[in-house]
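S.K.: here is a sequence together with a model predicted from it:
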Amino acid sequence: MDDINAFLEDTDVSIIIGANDVVNPAAIELEDTPIYGMPIIRADSAKQVLVCNFDTKPGYAGVDNSLYAMDKVELLLGDAKEGIAKIVAALKGEKASEPEAATPDDDLAGKLSSAKKVVIIPGYGMALAQAQLQVKQLGEVLQGQGKEVRFGIHPVAGRMPGHMNVLLAEVDVPYDQLYELDDINAFLDDTDVAIIVGANDVVNPSAIELEDTPIYGMPIIRADKATHVLVCNYDTKPGYAGVDNSLYAMDKVQLLLGDAKDSLAKLLEAAKGEKLEKDSSPKASAGQTEEAQDDPSRRLKDAKRVVIVPGYGMALAQAQGQVKRLVELLQSRGVRVEIAVHPVAG
């Protein structure tokens, strides 16, 4: 490990494949964490970092990985095989095959345009993002298109009883559009699209499904009954109760992760049949085209030294064959490639 860490100080790109705790700088930075003092592979020392992990949830130790928030890091989330395939295709100048012809924006527009009944479910994340005005605007646009829009209010959503009611009242959402638990659940049985804005535990089906969880037996808003579900949450981490939300894994669910205001802006554009400006993201405004942002090979183009850090996620995805092909492709281009193996990875 000492040798690879020395090499990483002068490495152009490190590629993490399913590794988490063993590359987490929190082991150096955060004293009150279970991994503090554990030697790690210093992938963060490389000039650029590509992360082929399934998601950004904490690893086995339960510690958020501060690596993910660094500007030099690009996240290729999902199945590790697909992440590596995207890198290989980009290096070859090819397009990675897409499972669906429709773009995400087209998909959003289609779901919203065909919907007749829509339920919007706000939660504490809406309060954190101060996105109540955008929620109101989305409701008004949909209503202007003749759709029936209702707001589903859970009694314990937020940090105090009535928290959501107060926030929506601040932006003049009519009180008669706010529906409590039983009424909104009856409506959700026949709803086309449910839009979740910063709500987690209060829409988590685990409250019905998993007996040994803190939220089991708690009444929830049954967003999962809608034909389609759009989730405008910051990430897929568990809510306050610490229970993974099984809703996120359903085929009918589309995740719009990140700041709720940005996700709602995307929904507004899709509802209006407009396209978001390509330069609206911070990276694009800094001079990168949208195509370049989707091309991980731009970080590898001029690389001379690359370190690949495999972890348990590679084993789960059975992606070792793809890792080998990536190594061979890089080596064929004269790149020095090292594999960094942490003694407790896996």
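M.R.: Perfect, I can see it now. Numbers count the residues shown, from 1 in each chain.

S.K.: break this protein into its domains for me.
M.R.: Following automatic domain parsing, one gets these domains for the chain: 2-97+286-339, 104-280.

S.K.: lowest average confidence across those, which one?
M.R.: Between those, the one with the least mean pLDDT is domain 2-97+286-339; it has a mean of 78.

S.K.: thinking again about what came up before, need the domains of the chain in JSON lines (columns: mean neighbour count and distance to residue 345).
M.R.: For glycine as for every other residue, the C-beta is placed from the backbone atoms N, C-alpha and C. Formatted as JSON lines, these follow (neighbours: other CB atoms under 10 Å; distance: least, CB to CB, whole Å):
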{"stretch": "domain 2-97+286-339", "mean neighbour count": "18", "distance to residue 345": "5"}
{"stretch": "domain 104-280", "mean neighbour count": "18", "distance to residue 345": "22"}
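
S.K.: which strands and helices lie in contact with the one helix or strand residue 265 maps to?
M.R.: Assessed by DSSP states H and E, residue 265 sits inside helix 260-272. Packed against helix 260-272 by the contact rule (3 or more CB pairs under 8 Å, 6 or more residues apart in numbering; DSSP states H and E) you find helix 104-114, helix 124-129, helix 132-144, strand 193-197, strand 228-232.

S.K.: could I get the full set of helices for the chain?
M.R.: For the chain, the helices defined by DSSP state H cover 2-8, 26-29, 80-91, 104-114, 124-129, 132-144, 163-170, 181-188, 206-209, 260-272, 282-285, 290-293, 312-317, 320-332.

S.K.: for the first one, packing partners?
M.R.: The reference is to helix 2-8. Identification of packing neighbours for helix 2-8 by 3+ CB pairs under 8 Å, 6+ apart yields strand 305-310.

S.K.: go again using 10 Å as the cut-off
M.R.: If you count contacts as 3 or more CB pairs under 10 Å, 6 or more residues apart in numbering; DSSP states H and E, helix 2-8 packs onto strand 13-17, strand 305-310, strand 336-339.

S.K.: so how far is the shortest one from its chain's centroid?
M.R.: Averaging C-alpha coordinates over strand 336-339 and over its chain gives two centres that are 29 Å apart (CA atoms, centre = their mean, to the nearest Å).

S.K.: paired strands for that strand, with orientation please.
M.R.: With DSSP bridges as the test, strand 336-339 is paired with strand 305-310 (parallel).

S.K.: the first one now?
M.R.: Based on DSSP bridges, the pairing partners of strand 13-17 within the sheet are strand 48-52 (parallel), strand 305-310 (parallel).

S.K.: want to throw those strands into CSV with distance to residue 201?
M.R.: What follows is the strands paired with strand 13-17, written out as CSV (distance: least, CB to CB, whole Å):
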stretch, distance to residue 201
strand 48-52, 28
strand 305-310, 34
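
S.K.: next one: stretch 317-329 to chain centre, how far?
M.R.: Centre-to-centre, stretch 317-329 and its host chain are 25 Å apart (CA atoms, centre = their mean).

S.K.: and the contacts of it?
M.R.: With contact meaning CB atoms under 10 Å, 6 or more residues apart in numbering, stretch 317-329 is reached by 15, 17-18, 52-54, 78-85, 87-88, 91-92, 300, 306, 308, 310, 313-314, 335, 337-339.

S.K.: mind putting the helices of the chain into a markdown table with distance to residue 153?
M.R.: Output for these, formatted as a markdown table (distance: least, CB to CB, whole Å):
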| stretch | distance to residue 153 |
| --- | --- |
| helix 2-8 | 50 |
| helix 26-29 | 37 |
| helix 80-91 | 38 |
| helix 104-114 | 22 |
| helix 124-129 | 11 |
| helix 132-144 | 12 |
| helix 163-170 | 5 |
| helix 181-188 | 7 |
| helix 206-209 | 17 |
| helix 260-272 | 17 |
| helix 282-285 | 33 |
| helix 290-293 | 37 |
| helix 312-317 | 38 |
| helix 320-332 | 46 |
